[in-house]
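> Sequence first, then the predicted structure, then my questions.
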Amino acid sequence: MEPAEDRKEVRTPVTVLTGFLGSGKTTLLNRALSHPSMARTVVVINEFGDIPLDHALAAASDDNIVVLDNGCLCCTVFGDLVQTLNRLYHAREHGEIPAFDHMVIETSGLADPTTVLQAFLSDPTLEGLYWVGSVIVTVDAVNGPGTLDEHEEAVRQAALADHILITKLDMMETGAAAERERELSARLRRLNPAAAISRVDEPGRDAVTLLARPGSDPSKGGAGLRNWLNTDAYAAETCEEDHDHADHDHFGHHQHDKAIASFSLVREEPTTREALTLLLSTIERNLGPNLLRVKGLVHVAEDPDRPAVIQGAQHLLHNAVWLDRWPDEDRRTRIVFITKNMPPRDLEEMVTLLDRVATRTAAARARAAASLEEEAVGEAGIKE
């Protein structure tokens, strides 16, 4: 079988750009639209943003698709995002619009990026056409602390980010800006240990280039999978870990702003395929909308050389993707949960209970199946 990372990629990578009202994401996007690195990118503005895009205002069209001078496409969505993404794909394939090999979706300032992630997890057509490489969130240094205090949407955005860009530090005096950057970065790090955090104008790191690159595809394995999962960050930042569990599982968890919590499970022993299916279905039923995001790499006993990649958003857990090989020598199961309105200790106890119930149920079913097979063999022998 051809290794997953060596196969030709037919899906288009997607970057999700979000941030609370006035956090500077539309300013960043305006800069990006004229950058040469965005020439083969389609930008989808979902329900418009905080500030109208300069380019879109200057060149509005009846079908809401604008072709900019550098070849970049700009598309405004007022309705169904899934329908729009399908339409863009087919328009490209039929030569109706310039070719693009990357997509950026800008959400509105009050949007929860979970809903965008859900679209890609729930729609089977989108699954074959696109993959989400990264979620980039802008956080306003001037108003950010107050926004995080007052608005759960801003907290959820930061909790789900792969990259957090701190904006508007240039609007503060040097000393105050440095102190605010330290304090805000520390708060964001507690909220999301795995995210890369930097200032939008950080020397040596071009935010436009970050916006233009595809990100990590977990289904390809390798370094991209390790970056996507990044469980080491949770282990490094955890408040409590290495509890005494009989099955040698390790847990790390954090309590965050606005009842947002993260929890990482590292399991030393492999799980059976049926136990994994039962665990995912029971997590889906019991956590539901409180489960903002889950992502993990699972060692399955029946196929030890091919790990399963799992991911989900709220009540939607995507079918596992099977890799052709492990990304490195570490073959432990590692799963990260991001939740709301669930204390870390309660979350740990629930996941531990569901894991044990799933394992025991799968074992009982296996024993029952083996017993039935033995009975069938015995009856066949008697008849002979």
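Sure thing, it's come through.
> The longest helix seen in the chain: how far from the chain's middle?
Identified as the longest helix of the chain according to DSSP state H is helix 344-383. Here the centre of helix 344-383 is set off from its chain's centre by 32 Å, with C-alpha atoms, centre = their mean, to the nearest Å.
> cool, stretch 301-308 as well?
Centre to centre, stretch against its chain (C-alpha atoms, centre = their mean), the figure for stretch 301-308 is 23 Å.
> Quick check: the closest residue to Leu160 other than its chain neighbours vs Arg189, distance?
The shortest distance from Leu160 to any non-neighbouring residue, by C-beta to C-beta, 6 or more residues apart in numbering, is to Pro113 (5.2 Å). To be clear about C-beta, it is placed using only N, CA and C from the backbone, and glycine gets the same treatment. Going from Pro113 to Arg189 by C-beta to C-beta, to the nearest Å gives 19 Å.
> what do you get for Pro343?
In terms of C-beta to C-beta, Pro343 sits 20 Å off from Arg189.
> picking up where we left off before, what residues sit buried inside the longest helix of the chain?
Across helix 344-383, burial judged by 16 or more other C-beta atoms under 10 Å covers Pro344, Leu347, Glu348, Met350, Val351, Thr352, Leu354, Asp355, Arg356, Ala358, Thr359, Ala362.
> now swap in stretch 184-196 and tell me
Neighbour count says stretch 184-196 has Leu184, Ser185, Arg187, Leu188, Leu191, Asn192, Pro193, Ala194, Ala195, Ala196 buried, by 16+ other C-beta under 10 Å.
> Any idea what Thr15 is bridged to?
Val104, Ser134 (DSSP bridges).
> same check, this time on the one 4 residues further on
When bridges are called by DSSP bridges, Gly19 pairs up with Thr138.
> That one: what's it in contact with?
With contact set as C-beta atoms under 8 Å, 6 or more residues apart in numbering, Gly19 has these partners: Lys25, Gly109, Val137, Thr138, Val139, Asp140, Gln157, Thr167.
> tell me what the helix or strand hosting Ala275 is packed against?
Using DSSP states H and E, Ala275 falls within helix 273-287. Helix 273-287 is packed against strand 291-298, strand 308-313, strand 316-317, helix 344-383, with contacts defined by 3 or more C-beta pairs under 8 Å, 6 or more residues apart in numbering; DSSP states H and E.
> of the ones you listed, which approaches Glu284 most closely?
Of all the helices and strands packed on helix 273-287, the one in closest proximity to Glu284, counting by C-beta to C-beta, is strand 316-317 (4.9 Å).
> Give me the contact list for the helix or strand just after the closest one.
Helices and strands here follow DSSP H and E; after strand 316-317, the next one along the chain is strand 321-322. Strand 321-322 has contacts (C-beta under 8 Å, 6+ apart) with Pro218, Ser219, Asp303, Arg306, Pro307, Ala308, Val309, Ile310.
> How about stretch 124-134?
Taking C-beta under 8 Å, 6+ apart as the rule, stretch 124-134 contacts 10-16, 82, 85-86, 89, 103, 116-117, 119-121, 162-163, 213-217, 219, 318.
> Quick one: distance of it to the chain centre.
For stretch 124-134, the distance to the chain centre is 12 Å (C-alpha atoms, centre = their mean).
> Alpha carbons of it, in CSV - could you do that?
Listed next in CSV are the C-alpha coordinates belonging to stretch 124-134 (Å, rounded to 0.1, in the frame of the first residue of the first chain):
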residue,chain,number,x,y,z
PRO,A,124,-19.1,13.9,3.2
THR,A,125,-18.6,15.9,0.1
LEU,A,126,-16.4,18.5,1.8
GLU,A,127,-14.3,15.8,3.3
GLY,A,128,-13.2,14.7,-0.1
LEU,A,129,-12.5,18.2,-1.4
TYR,A,130,-10.9,20.1,1.5
TRP,A,131,-9.0,19.7,4.8
VAL,A,132,-8.5,22.2,7.6
GLY,A,133,-4.8,22.9,8.2
SER,A,134,-5.0,25.5,10.9
